[in-house]
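> Here's a sequence, model it:
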Amino acid sequence: MKNLFVTRLTFVASSRPEAEEARDKLVARYGDAGVDEAQVIVALGGDGFMLETVHALMASGKPIYGMNKGSVGFLMNEYADDDLLGRINSAEQAQIHPLRMQAVDVEGKTHEAIAFNEVSLLRTTRQAAKLRISVDGRVRLPELICDGALISTPMGSTAYNLSAHGPIIPMDSKILALTPISAFRPRRWRGALLSHNARIRLEVLEGAKRPVSAVADNFEAPNVLEVYVAEDRDVHLCMLFDAGRSLGERVLAEQFSV
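Predicted coordinates:
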């Protein structure tokens, strides 16, 4: 995208009326080249819609520039009608690599999905989950009794990971966060920071009694027994942010918010 003069856009919007109204207004002003011919995809909505757009259109290879027309907009730029092409042409780029999840359920079926924010294991009944955690083939935590656990990318570290009291990770740190969700035993374990090259295995203990689902962004696999998670360097996404408001800057600023 560097030194590329963008003139062709396509617009996608969430189902919120204000997002659809904004799309119609922008299409009337800038035109719509369609996904195949556009140089940049403009997404109008909130963070949830941005993740939907990323998963739906990442195969196009087109950069995505979001504008906030939803309730949460950490991954979005501020909405404005004017000088959209100028903003996009001067935007800063964030190259994102997702996590790839492989989950094996109680029937032996393998479910595969990618996650740009996080992979979560979540208990699905009143019974707490029991998990065993291995990193690079070595058991690091024989038993974690909890509501669940998650592995977060730097981009996702300010989302569910932060709500679960996990650390905020700088975008260029090449680190993943492994964070427990409401840990009961060991009570003092607060999680771990892992290399982005780490290969993580989470085993569900007593799965029949304590069923667990595995969730990769917006994909869910129920009743899993084993989950493998690793960064997929073969998949990448380019997201665009207004100059001076890069994703790295937003993640840094979040650490000083009060």
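
> What helix or strand is residue 86 located in?
Using DSSP states H and E, residue 86 sits within helix 84-89.

> residues touching the nearest residue to residue 34 once chain neighbours are set aside, list them.
In this structure, residue 34 finds its nearest non-sequential neighbour in residue 10, 5.5 Å apart by CB to CB, 6 or more residues apart in numbering. Every C-beta, even on glycine, is put in place using the N, C-alpha and C of the backbone. Residues near residue 10 by CB atoms under 8 Å, 6 or more residues apart in numbering: 32, 33, 34, 35, 37, 38, 40, 41, 42.

> Give me the pLDDT value at the closest residue in space to residue 192 that isn't next to it in sequence.
Excluding its sequence neighbours, the residue lying closest to residue 192 (CB to CB, 6+ apart) is residue 178, at 4.6 Å. pLDDT, residue 178: 98.

> ok, back up a step: what residues sit buried inside the helix holding residue 86?
Residues of helix 84-89 classed as buried: 84, 87, 88, 89 (neighbour count, 16 or more other CB atoms under 10 Å).

> same thing with stretch 134-143?
For stretch 134-143, by 16+ other CB under 10 Å, it's 134, 135, 141.

> Reformat the buried residues of helix 84-89 as TSV; add pLDDT.
Formatted as TSV, the buried residues of helix 84-89 follow (pLDDT from 0 to 100):
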residue	pLDDT
84	96
87	95
88	96
89	94
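
> The residue nearest to residue 34 in helix, strand or coil?
Following DSSP: H, G, I helix; E, B strand; the rest coil, residue 10 is assigned to strand.

> can you map out the strands along the stretch 151-258 of the chain?
Counting by DSSP state E, counting those that start in this stretch, one finds strands in the stretch 151-258 of the chain at the ranges 175-181, 192-195, 200-205, 212-216, 219-221, 224-231, 237-241.

> quick one: which of these is nearest residue 55?
strand 219-221 (8.2 Å; CB to CB).

> Tell me which residues are up against that closest one.
Under the criterion CB under 8 Å, 6+ apart, residues 103, 105, 111, 113, 115, 213, 214, 215 lie in contact with strand 219-221.

> Please produce a ChimeraX select command covering the buried subset of the residues you listed.
Applying 16+ other CB under 10 Å to the contacts of strand 219-221, the buried members can be selected in ChimeraX as follows:
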select :103,105,111,113,115,213,214,215
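
> Just give me the closest of the contacts of strand 219-221 to residue 243.
Nearest to residue 243 among the contacts of strand 219-221 is residue 115, at 28.4 Å by CB to CB.

> Distance check, the closest one against residue 93.
According to CB to CB, to the nearest Å, residue 115 and residue 93 sit 21 Å apart.

> what's the answer for residue 221, then?
From residue 221 across to residue 93, the span is 32 Å (CB to CB).

> Of those two, give the one with the bigger neighbour count.
residue 221 (22 against 14; other CB atoms under 10 Å).

> Against residue 24, how distant is that one?
Noted for residue 221: a distance of 37 Å to residue 24, by CB to CB.

> for residue 23, helix, strand, or coil?
helix.

> can you check residue 139 too?
Put simply, residue 139 is strand when judged by three-state DSSP.
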